[in-house]
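Colleague: Just need the structure, nothing else, for what follows:
(2 chains)
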Amino acid sequence: MIAIALILGFLFALTAETIPCGPLYASLHPDFVALLLLYWAISSSSELSFTIVWLIGLLQDMVLGDVLGAQAIAGVIMIYLLYTGLGRVRGLSSWEQLFFIFLLLLMQRLLVWLWQAWAGAITWHFSLLLGPLIGALLWPLFTLALDYLRHALRPRHI
Amino acid sequence: MPALFFPRRYPPLLRVAVLVLLTVFVSVFSEKHPNMESVSLTMAYPVQWISMQGTSFWQQADNYLQSRAELESENIRLHAELVGAEPKLLEADILRNENRQLLALLDSIPQPPGKVAVAQVIAQNFSPSSQLLIVNMGARAGVFVGQPVLAAGGVAGQVVGVSPMSSQVALLSDLDSSIPVQPADSDTPLLVDGRGNIDSLAVPFQPRNTALKVGDRLVTSGLGGRYPPGLNVGTISAIVRNGDHSFAQIMVQPAVRLGQLSTVLMLWDNLSSRPAATP
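Modeller: Sure, this is the predicted structure:
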């Protein structure tokens, strides 16, 4: 049940990233896939497989049509940093997590940007910073909604 | 969560390092093999199909909920536009006739008009590094790499990747995009480059004393054989001439509202169906 919900969740996140809603939405929307990965990594009791994270990132690159591997590697490094450096984030409330989420999303966005720069065409634009900021500000709401969903989907043993 | 491929006993840093190497390999491999584009478009299609269903549902709901007053005002506006357009159409007819006669005088064969098909935009990716659309028409509908893509107003871009069911369109504003143009009233060959900015293009390499003026309309010149000549590309919106740059900084406002596209026209032109030179 949880697995199906996760697959649907990632499909939904990928769709939300590419849905054609005009240039304003396109430059402001947060990276929903990264947010969902962070939520999964923070709330799951067991450790996420890096390979799964990598494959999800690769699918995201394919859907976005970007340089292959950019999101994949940024996602893996983001989750690695969460596990090794920022393990204590798990114990904080979602409001306190907001700052760390911002740092992680920002680092992820910069890694994607660097990977694209390495592959060729790139320019800097300040809107690159807005996505992580909006993503972090949405985090408390996001965790609230997903916590509720997870609670509703929890297998019940009598 | 089961460990895929890697046993957990390896340290996390090693697992991440292996994945980094794998990513470098995938990245280099996909750059070397042009048909990787088609593979990744095919892999992405299911997700985009879902997105397309969502958007068309939303559009239908939006149409249904649109108020009568809005529809009436739109109707009045469209009628007014039609009245304005009729004389222009007549003029175009006269010009087309005249053109055919002149071409006959020159002994060249008038070219049959190209074929167009309407494609729906199913995904977009606007970032400073790429300005791409995915449309719901692919190799099965005869779409090919390098095909011109039009929209209301003029040229929108060209096809850069094709899969059986969908294709990837690089807009004029994409960093890698460059299109040969000329002013509508002269035949100076120019280029219009994308700068990764959805509502501003640029004309590169023009001297600071260029004869171009703000307000000049730019149309495709047909050089290179990819776009047929005479299609609207944009209007010069600003020219900055200062000593900081060796060339004039010429900004062009695209004729098509590139950010708002929901449908585009795929063009099969007798010119562009010819195998084109490498871009």
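Colleague: got the buried residues for the helix or strand harbouring residue A:118?
Modeller: Counting by DSSP states H and E, the element that carries residue A:118 is helix A:94-119. By neighbour count with 16 or more other CB atoms under 10 Å in any protein chain shown, helix A:94-119 contains the buried residues A:94, A:97-98, A:100-102, A:104-106, A:108-109, A:111-113, A:115-116, A:119. Glycine gets a C-beta too; all of them are placed from N, C-alpha and C.
Colleague: got the angle for the strand ranked longest in chain B vs helix A:94-119?
Modeller: Longest among the strand segments of chain B by residue count, using DSSP state E, is strand B:115-127. With axes from the mean of the first three to the mean of the last three CA atoms, to 10 degrees applied, the angle from strand B:115-127 to helix A:94-119 works out at 120 degrees.
Colleague: next one: strand B:115-127 to chain centre, how far?
Modeller: Relative to the centre of its chain, strand B:115-127 is centred 8 Å away, using CA atoms, centre = their mean, to the nearest Å.
Colleague: what mean pLDDT would you report for the very next helix or strand once past that strand?
Modeller: Next helix or strand after strand B:115-127 toward the C-terminus (DSSP H and E): strand B:130-135. Mean pLDDT, computed over strand B:130-135, is 90.
Colleague: What of stretch B:259-279?
Modeller: Across stretch B:259-279, the average pLDDT comes to 68.
Colleague: same deal with stretch B:29-39?
Modeller: Averaged across stretch B:29-39, the pLDDT comes to 81.
Colleague: What residues of that stretch count as buried?
Modeller: Neighbour counts using 16+ other CB under 10 Å place B:30, B:36-38 of stretch B:29-39 among the buried residues.
Colleague: Helices of chain A, residue ranges please.
Modeller: Assigned by DSSP state H, chain A shows helices spanning A:2-18, A:22-28, A:32-43, A:50-64, A:70-84, A:94-119, A:127-153.
Colleague: quick one: the third one to helix A:50-64, angle?
Modeller: Going back to what we said before, that points to helix A:32-43. For helix A:32-43 against helix A:50-64, the angle by the same axes, to 10 degrees is 160 degrees.
Colleague: Where does the prediction get shaky in the stretch 1-150 of chain B?
Modeller: By pLDDT under 70, the low-scoring segments of the stretch 1-150 of chain B are B:1-8, B:107-113.
Colleague: Could you rerun that using 90?
Modeller: Low-confidence segments of the stretch 1-150 of chain B, defined by pLDDT under 90: B:1-16, B:23-75, B:79-117, B:120-130.
Colleague: where exactly do the helices run in it?
Modeller: In the stretch 1-150 of chain B, the helices defined using DSSP state H, counting those that start in this stretch lie at B:12-32, B:36-65, B:68-105.
Colleague: angle of the longest one against helix B:36-65?
Modeller: It stands for helix B:68-105. 130 degrees.
Colleague: can you give me how far helix B:68-105 is from the chain middle?
Modeller: Helix B:68-105 has its C-alpha centroid displaced from the chain centroid by 25 Å (CA atoms, centre = their mean).
Colleague: Against residue A:78, how distant is residue A:106?
Modeller: Residue A:106 is 10 Å from residue A:78, where distance means CB to CB, to the nearest Å.
Colleague: Just the buried positions in the helix or strand of chain A with the lowest mean pLDDT, please.
Modeller: One helix or strand of chain A scores below all others by mean pLDDT, DSSP states H and E: helix A:22-28, with a mean of 80. If you call a residue buried by 16+ other CB under 10 Å, then helix A:22-28 has these buried ones: A:23, A:26-27.
Colleague: Out of those residues, which comes closest to residue B:72?
Modeller: Closest to residue B:72 out of the buried residues of helix A:22-28 is residue A:23 (29.5 Å), distances taken as CB to CB.
Colleague: The closest residue to that closest one other than its chain neighbours: how many residues sit nearby?
Modeller: With CB to CB, 6 or more residues apart in numbering or on different chains as the criterion, residue A:23 has its nearest non-adjacent residue at 3.3 Å, and that residue is residue B:259. Neighbour count for residue B:259, taken as other CB atoms under 10 Å in any protein chain shown: 21.
Colleague: Nearest to chain A: which residue in the stretch 151-279 of chain B?
Modeller: Among all residues of the stretch 151-279 of chain B, residue B:259 sits closest to chain A, at 3.3 Å; criterion: CB to the nearest CB.
Colleague: who's in contact with that residue?
Modeller: Residue B:259 makes contact with A:22-23, A:26, B:126, B:198-199 under the criterion CB atoms under 8 Å, 6 or more residues apart in numbering or on different chains.
Colleague: still on that earlier bit, can you redo the helices of the stretch 1-150 of chain B as a markdown table with distance to chain A?
Modeller: Below are the helices of the stretch 1-150 of chain B laid out as a markdown table (distance: least, CB to the nearest CB, whole Å):
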| stretch | distance to chain A |
| --- | --- |
| helix B:12-32 | 4 |
| helix B:36-65 | 4 |
| helix B:68-105 | 19 |
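Colleague: So which residues on the stretch 151-279 of chain B come close to chain A?
Modeller: Contact residues, the stretch 151-279 of chain B versus chain A (CB under 8 Å from any CB of the partner chain): B:161, B:168, B:175-176, B:195-199, B:258-262.
Colleague: From the residues you listed, pick the one nearest residue B:120.
Modeller: Of all those, residue B:120 sits closest to residue B:262, with 7.1 Å by CB to CB.
Colleague: Dihedrals phi and psi, the closest one?
Modeller: Backbone geometry at residue B:262, expressed as degrees, to the nearest 10, gives phi -120, psi -20.
Colleague: Show me the beta-bridge partners of the nearest residue to it once chain neighbours are set aside.
Modeller: Spatial nearest neighbour of residue B:262, excluding adjacent residues (CB to CB, 6+ apart): residue B:121 at 5.4 Å. Using DSSP bridges, the bridge partners assigned to residue B:121 are residue B:135.
Colleague: quick one: residue B:121 and residue A:19 touch, right?
Modeller: No: shown here, residue B:121 and residue A:19 do not form a contact pair, counting by CB atoms under 8 Å, at 10.1 Å.
Colleague: what residues are shared contacts of the two?
Modeller: Listed contacts common to residue B:121 and residue A:19 are nil; contacts here mean CB under 8 Å, 6+ apart.
Colleague: Let's see the PyMOL selection covering just the buried ones among the residues of the stretch 151-279 of chain B next to chain A.
Modeller: Buried subset of those, written as a PyMOL selection, criterion 16+ other CB under 10 Å:
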select buried, chain B and resi 161+168+175+195+196+197+198+258+259+261+262
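Colleague: Pick out whichever of the residues of the stretch 151-279 of chain B next to chain A sits closest to residue B:216.
Modeller: Set against residue B:216, the nearest of those by CB to CB is residue B:199 (17.7 Å).
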